[in-house]
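kindly return the folded structure for what I paste below:
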Amino acid sequence: MRNRFFVPLGAVRLVAVAMVWAPVLVAAQAPPSAMVNQREEAALEAARKASPRSGDEAMAFFENEVDAAIAKALETVFDPAKPLSPSPRTAWGDPDLRGHWMVETYTPLQRPDNVTKALYTPQEAIEAFRAAAIEDAGVDPATVHYDWKEFGMDGWQSAIRPSLRTSLIVDPADGKLPALTPEGRRRREAEERGNSVLTRSLVERCVTGNQGPPRIGARDTDSQIHQVPGYVIMVTQSNQDVRIIPVDGRPPLDSSVRSWLGSPSGHWEGDTLVVKTTNFHPDRVWRASAGDMQLEERFTRVDADTLLYRFTVTDPETYVQPWTVENPLPRSRPGIFEWACHEQNYGLINVVTGAQIRATEYEAGLPK
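So this is what the prediction gives:
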C-alpha cells in the first residue's frame, strides 16, 4: 500500500528529476498572479497536512524541491526564435527524425483571456510552468478513479519543459480558434448533444486513439518515429495507431479512398518533413472538422532532443479561416505504454447509458 503523504511530496521530487533528465521544452499558461498563488497555496497546504513532518518543515521542503527544479528548468526554456541546429542524417541521406517524442504539454491550445501577448518572458514562462507543475503534482490520487501517477504518466513526471509560447495556436495572431461556420456550429452542437453509441468519439469507441491526426496531447502523449528509405512510420501510444507516410514522390490516393487516419503524402523541404493528409473518413469528426479537412504537418529537428511540430488545419466548411499550431516535442525515454482502451466496451456502454438517463431527466424537467 502506498503512503498517501508520498504523492504530493514525492511528486515534486519527481518534478525535479524529470526536469533534470528531460531534454526539451513545453509551455504553460500563466494565470493571473492571484490564481497562481491560490493554486500553490492549496497544493502546499495539502502537502503540509499529509506529511508526517511539522507544518513549517513540510512546506519549506516542498517549496525548496520545486524551486530547485525550476532553477534547473530556467536553463532550457524553449525560445521559438532560437536558430535551428542542422539536422543529423540517416544512412540514406534523409533528415533523421527517429526516436521517441512526447506531445503532452502544459501550454493551452488557446491563449488565456487574461494574456495579451504571444510570448512570455523567460521568468514568466518559468512561473507559469511552476504553477502548472505544482497543481498537477498536488492532485491526491485518492480523489480520482484512475491515477496516472501510478505509472509515471502525469505531465510533471514526463519530459515536458517550459516555453515562451502563451498558446499552442500561433495563427490567428490572437492565439484563438477561428470562428465556426454555420455548418461547423451544427456539427459541434451534434457532438455535444449526442447520447448514442455512434455519436460518441472515436476514442471512446476505441476506433482511433485521439480522433487525430493532428495531435494535441491529452493522453495521446508518446510516439515513436521510424524511418526507412522512402517511408516515415509514426506509431502513437493512443490505440497504437500507425501512420505510414510515403516520401518517395508517389501521387496521393484517389479521393474515393477514405480512412480514419486519412491519406498522407510526405516530402522533404530542407531539414523539414512536410506531410499533407486528405481523404479522411466522412464519419471522423475532429474539433468539428469532418472528412474534407485538409491537414499539413511539418516536423523539424530543432536540436538533438527537440522535434518542432507545426500543423495547419484548412477546412472552409467548418472554420472561417485556416489555423496553425506549433508545439516543441521533447525527446522521451524509449518505450510506449500499451493502449488497452476499455475491455468489452463496458466503459462506452456506461457513458451512453448515463447520457441517455440525463437526457430523459432534462426532457422531464428534473433538476440537473
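
which parts of this protein are helices?
For the chain, the helices defined by DSSP state H cover 6-21, 33-50, 55-73, 122-137, 182-193, 346-363.

these: lowest mean pLDDT?
Per-segment mean pLDDT for those reaches its minimum on helix 6-21, at a mean of 35.

what residues are up against residue 231?
Going by CB atoms under 8 Å, 6 or more residues apart in numbering, residue 231 touches 244, 245, 246, 247, 248. (Glycine included, C-beta is placed from N, CA and C.)

can you give me the buried ones in stretch 285-298?
285-291, 293-298 (16 or more other CB atoms under 10 Å).

okay if I get those residues as TSV plus distance to residue 267 and pLDDT?
Below are those laid out as TSV (distance: CB to CB, whole Å; pLDDT from 0 to 100):
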residue	distance to residue 267	pLDDT
285	28	86
286	23	88
287	26	89
288	29	90
289	23	91
290	26	87
291	23	88
293	20	95
294	16	96
295	15	97
296	11	98
297	12	97
298	11	97
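
now do the same contact list for residue 213.
Residues near residue 213 by CB under 8 Å, 6+ apart: 243, 261, 262, 277, 295, 297, 311.

tell me the one of those nearest residue 205?
Top of the list for closeness to residue 205, among these and by CB to CB, is residue 261 at 14.9 Å.

ok, that closest one touching residue 208?
Yes - using CB atoms under 8 Å, residue 261 is in contact with residue 208, at 6.9 Å.

about what we covered before: and the buried residues of stretch 285-298, which is closest to residue 360?
Looking across those and measuring by CB to CB, the closest to residue 360 is residue 285, at 24.9 Å.

from residue 333, how far off is the closest one?
33 Å (CB to CB, to the nearest Å).

same check on residue 232?
For residue 232, the distance to residue 333 - CB to CB - is 21 Å.

can you pick out the residue with more neighbours from these two?
Shown here are residue 232 and residue 333; by other CB atoms under 10 Å, residue 232 has more neighbours (23 against 13).

give me the pLDDT for the more buried one.
With respect to pLDDT, residue 232 scores 97.

that one: what's it in contact with?
Residues counted as contacts of residue 232 (CB under 8 Å, 6+ apart) are 97, 225, 226, 245, 247, 266, 273, 275.

from those residues, which land in strands?
Using DSSP state E, the subset of the contacts of residue 232 located in strands is 225, 226, 245, 266, 273, 275.

widest-spaced pair of those?
226 and 275 (14.6 Å).

more neighbours: which of the two?
More crowded of residue 226 and residue 275, by other CB under 10 Å: residue 275, with 23 against 14.

mind listing what's buried along stretch 297-315?
In stretch 297-315, counting by 16+ other CB under 10 Å, buried: 297-303, 305-315.

typo on my end, stretch 321-341
323-332, 336, 339, 341.

what do you get for stretch 164-184?
Quick answer for stretch 164-184 (16+ other CB under 10 Å): 164-170, 172, 175, 178, 180-181, 184.

hey, C-alpha coordinates of that stretch in CSV?
C-alpha atoms of stretch 164-184 as CSV (Å, rounded to 0.1, in the frame of the first residue of the first chain):
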residue,chain,number,x,y,z
LEU,A,164,7.9,31.2,-24.1
ARG,A,165,4.7,30.4,-26.1
THR,A,166,1.5,31.5,-24.4
SER,A,167,-0.7,29.3,-26.6
LEU,A,168,-0.2,26.4,-29.0
ILE,A,169,-2.2,28.3,-31.6
VAL,A,170,0.2,30.7,-33.4
ASP,A,171,-2.2,31.7,-36.3
PRO,A,172,-4.6,33.5,-36.0
ALA,A,173,-2.4,36.0,-34.2
ASP,A,174,-4.7,36.3,-31.2
GLY,A,175,-4.0,32.7,-30.3
LYS,A,176,-7.6,31.7,-30.5
LEU,A,177,-9.5,29.2,-32.7
PRO,A,178,-11.2,31.0,-35.6
ALA,A,179,-15.0,31.2,-35.7
LEU,A,180,-17.0,28.3,-36.8
THR,A,181,-19.2,28.4,-39.9
PRO,A,182,-22.9,27.6,-39.6
GLU,A,183,-22.1,24.0,-40.6
GLY,A,184,-19.3,23.9,-38.1
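
report the distance from that stretch to the chain centre.
16 Å (CA atoms, centre = their mean, to the nearest Å).

how about stretch 252-271?
From the chain centre to the centre of stretch 252-271 is a distance of 23 Å (CA atoms, centre = their mean).

repeat that for stretch 298-307.
Relative to the centre of its chain, stretch 298-307 is centred 17 Å away, using CA atoms, centre = their mean.

now do stretch 100-113
5 Å.

list the buried residues in it.
Across stretch 100-113, burial judged by 16+ other CB under 10 Å covers 100, 101, 102, 103, 104, 105, 106, 107, 108, 109, 111, 112.

if we can go back for a sec, pull out the buried members of the contacts of residue 231.
Among the contacts of residue 231, those classed as buried by 16+ other CB under 10 Å are 245, 246, 247.

and which of those residues is nearest residue 92?
So of the buried ones among the contacts of residue 231, ranked by how close each gets to residue 92 (CB to CB), first place is residue 247, at 11.0 Å.

and the gap between the closest one and residue 136?
With CB to CB as the criterion, residue 247 and residue 136 are 37 Å apart.
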